[in-house]
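Make a model of this:
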Amino acid sequence: MLKKVTIGVTDLSFHHVAASFVTHALQGMGFEVGRVYAPHEENFKQLKAGSIDMLASAWLPSSHGVYKADVEETSPLIELGLHYEPYALWGVPDYISVADVAEVSDLLKSGVIEKMKPTIQGINAGAGISRFSLQMIEEYGLNEAGYRFLTGTEEDCFGTFEQAVENQDWIVIPLWKPQFLHHRYSIRDLKDPKGLLGSVDRAVLLLRQDRAMMFTQAELETLDSLRFSNDVIAELDYKVCRENRSLDQVTQEWLALYGTTQ
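Predicted coordinates for the structure are as follows:
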């Protein structure tokens with residue numbers, strides 16, 4: 001009889017990739033694995049409620065630290081692995097020169113305002129990059145210059161950027177690494193002197209401590225040994241999202257070539 005475990009997966013494509021890697025590892029241990037997809041905050045609420053056993057992937061400490069702290073008010077958590085080292089950014093396509101736009105405050109230059117699209121299209125409201133971006137708009141005074149930040153779907157954000165690049169329009173994208181756009185496009189990070197975008201995080205698997213008895217010590221060590229990278233996640237994310245490859249197939253092929261570390 002198979003042992004059963006349920007992973008809560010934050011419902012963005014690159015989180016799907018990391019969760020697929022975890023799924024393969026768990027299946028190799030003999031588990032039947034269920035994956036439940038939900039937005040950021042809802043994923044952590046389910047972890048707190050105990051309707052899922054683990055969560056992939058939590059970005060700590062900046063992006064998801066506040067959600068982790070809320071869960072741990074009632075349910076201690078164990079951090080496992082280092083899936084990659086993510087960070088939030090505001091970026092511009094490389095055809096916009098550094099001389100014109102090097103840092104966020106350069107968006108206030110009169111010549112830049114004339115060319116730059118005023119709408120900065122983001123993803124869902126619960127994402128760290130969305131919280132950071134709203135603060136950026138306010139604290140850099142961008143709202144007074146006509147800029148606005150909009151939340152939306154992944155495709156709202158990514159499709160807007162891809163269309164702008166096709167037209168060679170000037171655009172700011174609120175993004176992060178890893179993400180599949182980086183695999184195809186050269187996106188230059190804007191400097192953020194105020195440090196509003198947070199630090200480089202650790203992307204980890206969170207396990208409820210009260211579910212740890214489901215695993216042997218060796219199995220926990222295997223989960224803790226999972227090591228990937230921003231570039232690996234971005235590449236596989238691109239294969240799934242833009243080459244329409246099967247998620248579990250591309251991660252399995254990568255594991256067959258490289259194992260569980262990179």
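
And the strands in the stretch 151-262 of the chain, which stretches?
Per DSSP state E, counting those that start in this stretch, the stretch 151-262 of the chain carries strands over the ranges 173-177, 187-189, 202-208.

Show me the contact partners of the second one.
The reference is to strand 187-189. Contacts to strand 187-189, defined as CB atoms under 8 Å, 6 or more residues apart in numbering, come from residues Leu89, Trp90, Gly91, Val92, Pro93, Asp94, Ile96, Val98, Ile173, Leu175, Leu181. Quick note: C-beta positions are derived from backbone N, CA and C, even for glycine.

swap in the first one?
Strand 173-177 is touched from outside by 86-92, 120-123, 128-130, 132-133, 149, 157, 160-161, 181-182, 187, 230, 234, with contacts defined as CB under 8 Å, 6+ apart.

picking up where we left off before, in strands, which of the contacts of strand 187-189 fall?
Among the contacts of strand 187-189, the members falling in strands (DSSP state E) are Leu89, Trp90, Gly91, Val92, Pro93, Ile173, Leu175.

Max pairwise distance over those: which two?
Maximum pairwise distance among the ones in strands among the contacts of strand 187-189 (CB to CB): 13.1 Å, between Leu89 and Pro93.

got CSV for the contacts of strand 187-189, with pLDDT, distance to Ala19 and neighbour count too?
Output for the contacts of strand 187-189, formatted as CSV (pLDDT from 0 to 100; distance: CB to CB, whole Å; neighbours: other CB atoms under 10 Å):
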residue, pLDDT, distance to Ala19, neighbour count
Leu89, 97, 23, 21
Trp90, 98, 27, 25
Gly91, 98, 25, 23
Val92, 98, 30, 25
Pro93, 98, 30, 19
Asp94, 96, 31, 12
Ile96, 98, 34, 22
Val98, 98, 37, 13
Ile173, 98, 24, 24
Leu175, 96, 20, 21
Leu181, 96, 20, 24
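
In TSV, list these along with distance to Ala203.
Putting the contacts of strand 187-189 into TSV (distance: CB to CB, whole Å) gives the following:
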residue	distance to Ala203
Leu89	15
Trp90	20
Gly91	19
Val92	25
Pro93	26
Asp94	26
Ile96	29
Val98	29
Ile173	20
Leu175	15
Leu181	18
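
Of all the strands of the stretch 151-262 of the chain, which one is nearest Leu47?
Closest approach to Leu47 among the strands of the stretch 151-262 of the chain (CB to CB): strand 202-208, 6.6 Å.

Output the contacting helices and strands for the closest one.
With contacts defined as 3 or more CB pairs under 8 Å, 6 or more residues apart in numbering; DSSP states H and E, the packing partners of strand 202-208 are strand 54-60, strand 77-84, helix 217-224.

Of these, flag the one that's most buried.
For these, average neighbour numbers computed from mean count of other CB atoms under 10 Å are highest in strand 54-60, which has a mean of 27.

thinking Gly50 is in contact with Arg208, fair?
Yes: contact criterion CB atoms under 8 Å: Gly50 and Arg208 qualify, at 6.7 Å.

Which one of the two is surrounded by more residues?
Arg208 (19 against 13; other CB atoms under 10 Å).

For Ile78, which non-adjacent residue is spatially closest?
Leu207 (4.5 Å; CB to CB, 6 or more residues apart in numbering).

following the helix ranked longest in the chain, which helix or strand shows up next?
Assignment by DSSP state H gives helix 13-28 as the longest helix of the chain. Counting by DSSP states H and E, the next helix or strand C-terminal to helix 13-28 is strand 31-38.
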